[in-house]
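> next input, structure requested:
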Amino acid sequence: MGLVDLASVESLLTCPRCGCGVIETSATFRCSSPSCLFSTPGAFPVLGHWPVLVDFERSILQLRELQTSPDTPHSGSRWSVDRVPAWARSVWSPPNKVAARNVELLLALLPGPSPLVLVVGGGTLGNGVGAIYTDRRIRVVGFDIYGSPLTQFIADAHQIPLANESVDAVVIQAVLEHVLDPREVVGEIRRVLRPGGLVYAETPFLQQVHAGPYDFIRFTSSGHRYLFRAFEEIASGPVAGPGTQLLWSVDHIVRGLLRSELAGKLARALFFWLRYVDRLIPTTFAMDNASAYYFLGRRTDGALTSREIVSYYRGAQRTRTRAPGH
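Now for the predicted structure:
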């Protein structure tokens, strides 16, 4: 089935301020609650044909900055891998086989004839997640902070404008580093998931700042697991290891020395082979030195405790780890 149209999920849309339903009237959108600030006709603006379901008083987003393409002020750079010739893209940005494998597992675990998958930050097609859009059994809804052919509405992930327990799975790839409060966003993900629903996340650990002023946070493997503590773990681990994170460093060292982003990108292309060093590093060492981590989990009623997260650690320092101060 792939991407659905807005009309097919309109009944699931909710007001980011009060959580009541959203009504469309003459191509304008408003909250259905008469007492809500957003109850007046056209309270939610429409950008292009994308409704902007954002409570700007509680968001760092500003309406005047929103656009209908990924070339927004949030990108932090005018350079794009799309400018690289097609023949070179597989070297510059190789397929994310980890994501592809995990997405295949996620799809296999989804029950029912037409499960609904939400893609948070889905304005562009993520690396390795294409199967979500091509599986005829899956319905896909996506949003981002800009409109694109892969999204049905514009929203802030801190206030996902969807009803409680309305989707079967959520995919959030390379997004949590760009939100102010990842814990709040993960709470929203859990809220919109049906009981037993699935989440797949990829989040960086050792990566330099990207997206400029809209890059806020990083996670170790244990920190990433604790972020998703209200989920049962199905699988987790490094997306890319020490070689890839070294490649990031080469890029940024060169651009700093030469004051040139382009020079850094050229250095990254020259040292592309560092990615393949990842294959030589055992997983236990990669867990301490990864470029990014993934987590695939299922919504549960319980939660991982603070004591359990200490014993969760899976890196190479297990035999000599002691509490700070000892």
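
> what ranges do the strands span in the stretch 151-300 of the chain?
Applying DSSP state E, counting those that start in this stretch to the stretch 151-300 of the chain gives strands spanning 153-155, 167-173, 193-204, 231-240, 292-299.

> give the contact list for residue 196.
With contact set as C-beta atoms under 8 Å, 6 or more residues apart in numbering, residue 196 has these partners: 298, 299. Heads up, the C-betas are built off the backbone N, CA and C, glycines and all.

> so which bits of the helix ranked longest in the chain are buried?
Identified as the longest helix of the chain according to DSSP state H is helix 242-258. Neighbour-count burial for helix 242-258 flags 242, 243, 244, 245, 246, 247, 248, 251, 252, 254, 255 (criterion: 16 or more other C-beta atoms under 10 Å).

> how near is the second one to residue 53?
Here the distance between residue 243 and residue 53 works out to 41 Å (C-beta to C-beta, to the nearest Å).

> and what of residue 132?
22 Å.

> likewise residue 1?
23 Å.

> one more: residue 190?
Applying C-beta to C-beta, the value for residue 190 to residue 53 is 19 Å.

> more neighbours, the two?
Each of residue 190 and residue 53 has its neighbours counted (other C-beta atoms under 10 Å); residue 53 has more, 25 against 18.

> and for the closest residue to the more buried one other than its chain neighbours, the neighbour number?
Nearest-residue entry for residue 53: residue 161, 3.9 Å, with adjacent residues in sequence omitted and distances by C-beta to C-beta, 6 or more residues apart in numbering. By other C-beta under 10 Å, the residues close to residue 161 number 26.

> could you do residue 42 as well?
Using other C-beta under 10 Å, residue 42 has 13 neighbouring residues.

> ok, now residue 135?
Neighbourhood size, residue 135 [other C-beta under 10 Å]: 18.

> okay, it: pLDDT?
Note for residue 135: predicted pLDDT of 95.

> for it, list the residues it contacts.
Residues in contact with residue 135, defined by C-beta under 8 Å, 6+ apart, are 1, 2, 107.

> gap between it and residue 1?
Taken as C-beta to C-beta, the span from residue 135 to residue 1 is 8 Å.

> please apply the same query to residue 157.
Here the criterion is C-beta to C-beta. By it, residue 157 lies 24 Å from residue 1.

> pick out whichever of these two has more residues nearby.
Shown here are residue 157 and residue 1; by other C-beta under 10 Å, residue 157 has more neighbours (24 against 15).

> next, count neighbours for the residue lying closest to the more buried one once chain neighbours are set aside.
Nearest non-adjacent residue to residue 157, counting by C-beta to C-beta, 6+ apart: residue 185, 4.7 Å away. If you count neighbours by other C-beta under 10 Å, residue 185 ends up with 23.

> kindly report the same for residue 212.
That count, for residue 212 with other C-beta under 10 Å as the rule, works out to 11.

> so what pLDDT did it get?
pLDDT for residue 212: 91.

> how about residue 87?
52.

> low pLDDT regions in the stretch 151-300 of the chain?
Along the stretch 151-300 of the chain, the model assigns pLDDT under 70 to no residue.

> just to revisit the earlier point, from the contacts of residue 135, pick the one nearest residue 116.
Within these, proximity to residue 116 (C-beta to C-beta) peaks at residue 1, which comes in at 9.7 Å.

> these two touch, right, the closest one and residue 134?
No - assessed by C-beta atoms under 8 Å, residue 1 is found out of contact with residue 134, at 9.9 Å.

> which residues touch the longest helix of the chain?
Residues outside helix 242-258 that contact it (C-beta under 8 Å, 6+ apart): 205-208, 260-261, 263-268, 271-272, 274-278, 280-281, 285-286, 289-291.

> picking that back up, tell me who's in contact with the residue nearest to residue 157.
120, 157, 158, 172, 175, 176, 179.

> turn the buried residues of helix 242-258 into a markdown table, including distance to residue 217.
As requested, the buried residues of helix 242-258 are exported to a markdown table (distance: C-beta to C-beta, whole Å):
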| residue | distance to residue 217 |
| --- | --- |
| 242 | 21 |
| 243 | 23 |
| 244 | 19 |
| 245 | 16 |
| 246 | 22 |
| 247 | 21 |
| 248 | 16 |
| 251 | 21 |
| 252 | 18 |
| 254 | 25 |
| 255 | 22 |
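
> max pairwise distance over those: which two?
Taking C-beta to C-beta as the measure, the buried residues of helix 242-258 span a maximum distance of 20.6 Å, between 242 and 255.

> does residue 173 have beta-bridge partners, and which?
In this entry, residue 173 is beta-bridged to residue 202, by DSSP bridges.

> for the remainder of this discussion, apply numbering that starts at 21.
From this message on, residue numbering opens at 21, which makes the last subject residue 193.

> contacting residues around it?
With contacts defined as C-beta under 8 Å, 6+ apart, the neighbours of residue 193 are 119, 141, 146, 147, 149, 220, 221, 222.

> phi first, then psi, for the fifth one.
Dihedral pair for residue 149: phi -110, psi 10, per degrees, to the nearest 10.

> need the helices for the protein, in chain order.
In the chain, the helices defined using DSSP H lie at 26-29, 106-112, 117-129, 151-154, 202-212, 241-247, 262-278, 281-290, 303-306, 326-332.
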